[in-house]
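Enquirer: let's see this in three dimensions:
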Amino acid sequence: MFFVAMDRDHPLRAAAEEQIREVYHREYGAVLREFPNTLVALRDENGEVVCAAGLRFADDSFFSERYLQGSIEDALSDIWKRPVIREQVAEVTCLAGRKAGMSLVLIRHIVKMCREKGIAWAFFTATDRLRTTLRRTGIPVLDMAPADISKVPNPDEWGAYYATDPRVVAIHDDMVLLGSGGNRAEGAAALA
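Expert: Below is the predicted model:
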């Protein structure tokens, strides 16, 4: 598998967007029309996109922030009991894989990419299935808030997604280390 990060002009961008659209439509009947400026993907040996997700950074607007009472950095600071600045946070969006297990492989690459950028926090809206999968990896997540369908501008376009009990959750880099027994090198691998 090959990891690739892409902006809006990347030659694989259309394939990554289509991958996400197809999976969300098949799983939930959702119709996704907008994507973040940055997408990440895994390609197989034939160059086909097998898993993709969106990433938003501090200078982007965070989609999942709409479900919180305030900013993500304030919510994280309250929970973590330490100051968190927006530049330390990334949002993972629209995670979609064609093959079983590929989502966790992509998450491993996202964790590594965020570490390299000095980002300590990742947050995302996770279905019950994804939260269960993450718990099985041994990595604790912070449950922050329910994802309330009334807070999205286009609820009809999300199909049955909100029937999956989506919740906003967050992971700190140190929490990944806890799930790997404190070994930073294994921390990313623990997600796969």
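Enquirer: where does this structure dip in pLDDT?
Expert: 100, 175-192 (pLDDT under 70).
Enquirer: can you pull out the helices in it?
Expert: Assignment of helices within the chain using DSSP state H yields the ranges 13-28, 72-80, 102-116, 128-136, 173-179, 184-189.
Enquirer: elements contacting the first one?
Expert: Other helices and strands packing on helix 13-28, by 3 or more C-beta pairs under 8 Å, 6 or more residues apart in numbering; DSSP states H and E, are strand 38-43, strand 49-56, strand 89-97. Where C-beta positions appear, they are placed from N, C-alpha and C, glycine not excepted.
Enquirer: so what's the gap between the second one and the chain middle?
Expert: On the basis of C-alpha atoms, centre = their mean, to the nearest Å, strand 49-56 is displaced by 8 Å from the centre of the chain it belongs to.
Enquirer: got the CA coordinates for that strand in CSV?
Expert: Only the C-alpha atoms of strand 49-56 are listed here, as CSV (Å, rounded to 0.1, in the frame of the first residue of the first chain):
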residue,chain,number,x,y,z
VAL,A,49,-7.5,4.2,-4.3
VAL,A,50,-8.7,1.7,-1.7
CYS,A,51,-9.2,4.0,1.3
ALA,A,52,-9.4,7.8,1.6
ALA,A,53,-10.2,10.5,4.1
GLY,A,54,-10.3,14.2,4.5
LEU,A,55,-8.0,16.3,6.7
ARG,A,56,-8.6,19.7,8.1
